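**Q** Quick one, what's the 3D model for this:
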Amino acid sequence: MCKLICLVVCVWFVTSQAQTDCGNKGSWSRSCGNLDKFNCEARGCCYDETEPNPGRKCVRVEKSPSFSFTATAGPGLSFGGEPGYPGNQFKRGCFPFIRNIKCDRRLNAKTESDCLRWGCCWDEEKKFCHKSLYNIVRLRKDCPPGYINPPGCELAKCRHSPCLNGAVCKDTATGYECECAPGYHRENCGIRQCPSPGKAHLTVYPDKDTWYDDGDVTTFVCDPYHRMFGSAQRVCEKGHWNPVASPACVSLPCPNLRPVSDGGFAPIDFQYLLGEVVNYFCNGGFALSGSSTSIKCIDPGPPSLMGVWEPPEPAGCTLISPTNTACLSFPCLNGGTCLHKPAPPFFECVCTPIATGPTCSIPP
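**A** Model (predicted):
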């Protein structure tokens with residue numbers, strides 16, 4: 001707390017003896033006595049002819065005289081108050097060690113009202129107007145976290161109602177804590193925020209674990225093999241997302257596969273989604289009709305709501321000519337798979353990773 005101790009001595013000078021402001025009734029204070037207009041104004045007071053009470057016609061102006069302050073250094077003397085703040089308040093002090101020093105040799109104050117009007121100190125016992133001392137006091141404009149009411153800055157508690165926007169306050173050993181209402185967060189629940197928008201099959205930029213500040217813009221990107229439905233951006237506005245809903249990232253299904261007679265495919269699933277690959281095979285004595293043994297489920301783009309197979313499904317497995325017996329000699333080595341072909345050499349080897357070449361005979 002800023003203590004008003006006399007740490008700086010200031011020299012003051014009266015700049016004008018006429019310090020009355022009789023046009024401003026709001027500044028009038030104590031009565032100067034039951035005086036007529038001449039004697040009232042002679043004492044530097046204000047005479048109000050509209051006042052019906054004779055005892056209140058002549059009043060003293062509360063306004064302090066104008067002083068010119070000059071700080072004077074002395075042994076162990078410095079500014080009082082909180083370090084780092086400019087002197088922003090003057091405090092008058094009356095002290096015993098200056099009770100015998102006349103306020104100002106130019107003044108001849110005989111009454112307490114005259115003495116106090118010039119910022120001096122009145123000794124009632126001696127009926128003497130003596131000098132006063134002024135402190136330059138530095139006052140805090142802000143308090144550190146957890147404290148309120150500058151310049152004193154007392155420990156904040158729930159009785160001070162620090163929590164804002166409908167938050168619930170709970171006293172703690174070190175002060176208090178606020179349980180914020182939905183849409184508010186941070187110090188004293190004074191900042192409106194939006195909750196996490198969710199991340200189902202989404203990547204969010206920027207990615208914050210909990211809360212987003214008012215004005216934050218989020219950008220959404222779908223996981224691979226997912227299509228976005230909805231806006232790719234949302235803005236946090238006063239604790240609510242605009243638009244209200246996050247975009248949805250959906251993995252589209254591909255059409256069901258036709259059964260293959262005299263052969264099959266793997267894997268066998270109830271539903272195939274974007275990115276999945278299916279491999280075809282034929283039974284012995286049959287060959288696959290089509291451009292590839294593998295197909296993949298891909299997204300054709302809007303407006304389609306289904307994936308498509310690329311390349312198209314094979315037509316099926318056809319019976320190999322009895323004269324085509326190339327695979328019967330097991331030409332594919334190192335675990336390679338032999339496929340019948342209608343043209344010479346009437347077979348094709350599908351090699352394992354451990355070999356390459358037409359018959360899988362060449363190490364990788």
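
**Q** For the chain, which segments count as helices?
**A** Along the chain, the segments classed as helices by DSSP state H run 37-42, 112-117.

**Q** now the last one: how far from the chain's centre is it?
**A** Put plainly, it is helix 112-117. 55 Å (Cα atoms, centre = their mean, to the nearest Å).

**Q** mean confidence for it?
**A** Averaging pLDDT along helix 112-117 gives 82.

**Q** just the first one next, same as before
**A** Helix 37-42 shows a mean pLDDT of 81.

**Q** Residues in contact with that helix: which ones?
**A** 32-33, 46-47, 49, 57-58 (Cβ atoms under 8 Å, 6 or more residues apart in numbering). Yep, even glycine has a C-beta here, placed from its N, CA and C like the rest.

**Q** Out of those, who's the most crowded?
**A** Counting neighbours by other Cβ atoms under 10 Å, residue 32 leads these with 24 neighbours.

**Q** For it, which non-adjacent residue is spatially closest?
**A** Leaving out its chain neighbours, the residue that sits closest to residue 32 by Cβ to Cβ, 6 or more residues apart in numbering is residue 45, at 3.8 Å.

**Q** could you dump the contacts of helix 37-42 to CSV with pLDDT and distance to residue 317?
**A** Output for the contacts of helix 37-42, formatted as CSV (pLDDT from 0 to 100; distance: Cβ to Cβ, whole Å):
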residue, pLDDT, distance to residue 317
32, 78, 123
33, 78, 126
46, 83, 118
47, 84, 123
49, 82, 123
57, 80, 124
58, 84, 124
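
**Q** if we can go back for a sec, which stretch among the helices of the chain is buried most, on average?
**A** Neighbour counts (mean count of other Cβ atoms under 10 Å) averaged over each of these peak at helix 112-117, with a mean of 20.

**Q** for that helix, packing partners?
**A** Counting contacts by 3 or more Cβ pairs under 8 Å, 6 or more residues apart in numbering; DSSP states H and E, helix 112-117 packs against strand 58-61, strand 121-123.

**Q** what's the closest of those strands to residue 109?
**A** strand 121-123 (8.0 Å; Cβ to Cβ).

**Q** which parts of that closest one are buried?
**A** Within strand 121-123, the residues that count as buried by 16 or more other Cβ atoms under 10 Å are 121-122.

**Q** low pLDDT regions in the stretch 51-200 of the chain?
**A** Counting by pLDDT under 70, the stretch 51-200 of the chain contains low-confidence ranges at 61-91, 105-106, 134-140, 152, 200.

**Q** again, only this time at 90
**A** 51-167, 170-177, 180-200 (pLDDT under 90).

**Q** Please report how far residue 242 lies from residue 249.
**A** According to Cβ to Cβ, to the nearest Å, residue 242 stands 20 Å off from residue 249.

**Q** is it possible to export the helices of the chain to CSV including distance to residue 297?
**A** Listed next are the helices of the chain as CSV, based on distance: least, Cβ to Cβ, whole Å:
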stretch, distance to residue 297
helix 37-42, 103
helix 112-117, 95
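
**Q** For burial, what's the neighbour tally of the residue nearest to residue 32?
**A** 26.

**Q** my read: it touches residue 60, true?
**A** Yes - contact criterion Cβ atoms under 8 Å: residue 45 and residue 60 qualify, at 5.2 Å.

**Q** Please name the spatially closest residue to residue 229 (chain neighbours excluded).
**A** Nearest residue to residue 229, sequence neighbours excluded (Cβ to Cβ, 6+ apart): residue 248, at 4.7 Å.

**Q** And residue 241, how close does it get to residue 196?
**A** Distance from residue 241 to residue 196, by Cβ to Cβ: 10 Å.

**Q** which of those two has more neighbours?
**A** Higher neighbour count among residue 241 and residue 196: residue 241, with 17 against 14, using other Cβ under 10 Å.

**Q** mind listing what that one touches?
**A** Contacts of residue 241 by Cβ under 8 Å, 6+ apart are 194, 197, 234-235.

**Q** Domain-wise, how is the protein divided?
**A** What automatic domain parsing lists as the domains of the chain is 9-138, 156-188, 191-250, 263-282+290-315, 320-364.

**Q** CSV for the ones you listed, including distance to residue 149?
**A** Output for the domains of the chain, formatted as CSV (distance: least, Cβ to Cβ, whole Å):
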stretch, distance to residue 149
domain 9-138, 14
domain 156-188, 8
domain 191-250, 22
domain 263-282+290-315, 61
domain 320-364, 76
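
**Q** Burial check on the residue nearest to residue 229, number of neighbours?
**A** Look at residue 248: counted by other Cβ under 10 Å, it has 15 neighbours.

**Q** Repeat that for residue 212.
**A** Neighbour count for residue 212, taken as other Cβ under 10 Å: 22.
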